[in-house]
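J.: Predicted model, plus sequence, below.
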Amino acid sequence: MPRDVTKWIKQYARALGFDLVGVAPVQSPPHAESFLLWLAQGYAGVMDYLERTAGLRINPAAILPNARSAIVVGLNYAPAELPPTDYRIARYALGDDYHAVIREKLETLLCAIQALEPEAQGRICVDSAPVLERDLAMLAGLGWYGKNTCLINTQRGSYFFIGVLLLTMELEYDSPAQGGCGTCRLCLDACPTGALIAPYRLDARKCISYLTIELREAIPVEHREPMGEWLFGCDICQEVCPFNRPRVHQPMRAQPTREPRLQPRSLPKLAEILQMREADFAERFRGSAIKRAKWRGLIRNALIIAGNKRDPALRPLIEPFLRHEDPMLREAAEWAIKQATKEQAVGRASSGNATANSGDSSLRSE
Ligand code: SF4
């Protein structure tokens, strides 16, 4: 009986558009201890909600009494092509907010299961209910932990969302995923802020995703230049990962998403963002994960990127923030202007050197 029901549930989940589906028994997550240690070491920065919900995260049965099974689904979000922009956005945030997309599909799945098994109770977890999703996904066979701390599926890479449906039903369980990075350490070497402090260990306080999305204060100066053009989130540790790169013999890797609501939306130019009022921001990014940064955070990020671009055309758009009532935005604008000035100073210095050199060469030629 569990086998037939499990098979039916998996088929139904795939028909709903999920790319991966597996089932794990509800148990204490294997990485519960290391998660608690990571929190205790302060690597979560200002993400207090992780601390507040830690007890639930390491005990999924507390979220749904009598939970027996976790149906874990994966939804691919890799775009076929990156949209043309003059900055970077993490791939997962290019389309509609995934929370709504996954929740809706899992609600449909739960209704279908309850039509078949009216006694079954379920609880959907897509970030809103705190579970260690990656641990459950690993147990359900969806993927294994990479050194970049992402869950990696050997065939599909790591560009997929994870959703969990806890159920009180007994089902047939998958085997945990097998795989590993071997000697590769491309992501550790590529991270521009050094946030991957060791294999499988992320200091979120240095991570560009955290800095551009979660942090509500000024971004520490030492991380601003390494941010480059990342306006919201960062994909560098996934972009360099060989499991996300299509190969001749493994064309499945990082296939584009089939989900219509995850297709990239059109994005405003950086100049438009710098002129966006708060009301425009809410309207422009309605239903998008980008809203999480809030207007203030996105403008702060945009000012830093404008500073990194050192484009004189952006200066008139930075200058109004020098008089802004918000000290965080004022300071970011000051920094951005200084960056441009720094470039000009460097330019002048190097042209001075060129003159000196040519002077030397003319002396030599005499
Ligand atoms: Fe593992 Fe290499 Fe991918 Fe990093 S880039 S997650 S080390 S395979």
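T.: Cool, the structure landed.

J.: can you list the weak-confidence ranges in the stretch 51-200 of the chain?
T.: Along the stretch 51-200 of the chain, the model assigns pLDDT under 70 to residues 127-131.

J.: which parts of it sit against the ligand?
T.: When proximity is defined by Cβ under 6 Å from any ligand atom, the stretch 51-200 of the chain lies next to the ligand at 146, 147, 148, 181, 184, 185, 186, 187. Every residue, glycine included, has its C-beta placed from N, CA and C.

J.: Got a ChimeraX select line for the buried ones in those residues?
T.: Paste this into ChimeraX to select the buried members of those, with burial taken from 16 or more other Cβ atoms under 10 Å:
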select :146,147,148,181,184,187
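
J.: Pick the one among the residues of the stretch 51-200 of the chain next to the ligand closest to residue 169.
T.: Sorting those by how near they are to residue 169, with Cβ to Cβ, puts residue 146 at the top with 31.4 Å.

J.: Just say helix, strand or coil for the closest residue to that closest one other than its chain neighbours.
T.: In this structure, residue 146 finds its nearest non-sequential neighbour in residue 152, 4.4 Å apart by Cβ to Cβ, 6 or more residues apart in numbering. What DSSP: H, G, I helix; E, B strand; the rest coil gives for residue 152 is strand.

J.: Run through the bridge partners of residue 152.
T.: Taking DSSP bridges as the rule, residue 152 bridges to residue 144.

J.: Next: residue 198.
T.: Under DSSP bridges, the beta-bridge partners of residue 198 are residue 201.

J.: Would you mind listing what in the stretch 201-350 of the chain touches the ligand?
T.: Residues of the stretch 201-350 of the chain lying near the ligand by Cβ under 6 Å from any ligand atom: 240, 241, 242, 243.

J.: Name only those of those that count as buried.
T.: 240, 241, 243.

J.: Just give me the neighbour total for the residue nearest to residue 146.
T.: Residue 152 is flanked by 26 other residues according to other Cβ atoms under 10 Å.

J.: quick one: it and residue 137 touch, right?
T.: No. With contact defined as Cβ atoms under 8 Å, residue 152 does not reach residue 137; the gap is 10.5 Å.

J.: Overlap of the contact sets of the two?
T.: Shared contacts of residue 152 and residue 137, defined by Cβ atoms under 8 Å, 6 or more residues apart in numbering, comprise residue 143.

J.: can you give me the strands for the stretch 151-300 of the chain?
T.: Secondary structure of the stretch 151-300 of the chain, counting by DSSP state E, counting those that start in this stretch: strands at 151-152, 160-167, 196-198, 201-202, 230-232.

J.: Nearest to residue 92, out of those?
T.: Between residue 92 and these, the tightest spacing by Cβ to Cβ is seen for strand 160-167, at 6.9 Å.

J.: Given the closest one, what are its sheet partners and their directions?
T.: As assigned by DSSP bridges, strand 160-167 forms pairs with strand 69-76 (antiparallel), strand 122-125 (antiparallel).

J.: Just put those in a markdown table and tack on mean neighbour count.
T.: Listed next are the strands paired with strand 160-167 as a markdown table, based on neighbours: other Cβ atoms under 10 Å:
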| stretch | mean neighbour count |
| --- | --- |
| strand 69-76 | 26 |
| strand 122-125 | 21 |
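
J.: Need the ones you listed in JSON lines (columns: distance to residue 92).
T.: Converted to JSON lines, these look like this (distance: least, Cβ to Cβ, whole Å):
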{"stretch": "strand 69-76", "distance to residue 92": "10"}
{"stretch": "strand 122-125", "distance to residue 92": "17"}
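
J.: Which element, helix or strand, includes the residue lying closest to residue 217 once chain neighbours are set aside?
T.: Excluding the flanking residues, the one nearest residue 217 by Cβ to Cβ, 6+ apart is residue 328, at 6.5 Å. For residue 328, the host element (DSSP states H and E) is helix 327-365.

J.: cool, and residue 24?
T.: Following DSSP H and E, one finds residue 24 within strand 20-25.

J.: could I have stretch 112-128 exported to CSV, CA atoms only?
T.: C-alpha atoms of stretch 112-128 as CSV (Å, rounded to 0.1, in the frame of the first residue of the first chain):
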residue,chain,number,x,y,z
ALA,A,112,-5.2,15.4,-4.0
ILE,A,113,-3.6,13.2,-1.2
GLN,A,114,-6.4,14.1,1.2
ALA,A,115,-9.0,13.2,-1.4
LEU,A,116,-7.4,9.8,-1.6
GLU,A,117,-6.6,9.5,2.2
PRO,A,118,-9.0,11.7,4.1
GLU,A,119,-7.3,11.0,7.4
ALA,A,120,-4.0,12.3,6.3
GLN,A,121,-2.8,15.6,7.8
GLY,A,122,-0.2,17.7,6.0
ARG,A,123,1.9,20.9,6.5
ILE,A,124,3.6,22.7,3.7
CYS,A,125,7.1,24.2,4.3
VAL,A,126,8.5,26.7,1.9
ASP,A,127,10.7,28.9,4.1
SER,A,128,7.6,29.9,6.0
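
J.: Go ahead and measure how far that stretch is from the middle of the chain.
T.: 27 Å (Cα atoms, centre = their mean, to the nearest Å).

J.: ok so, going back, distance of the residue nearest to residue 146 from residue 202?
T.: As for residue 152, its distance to residue 202 is 15 Å (criterion: Cβ to Cβ, to the nearest Å).
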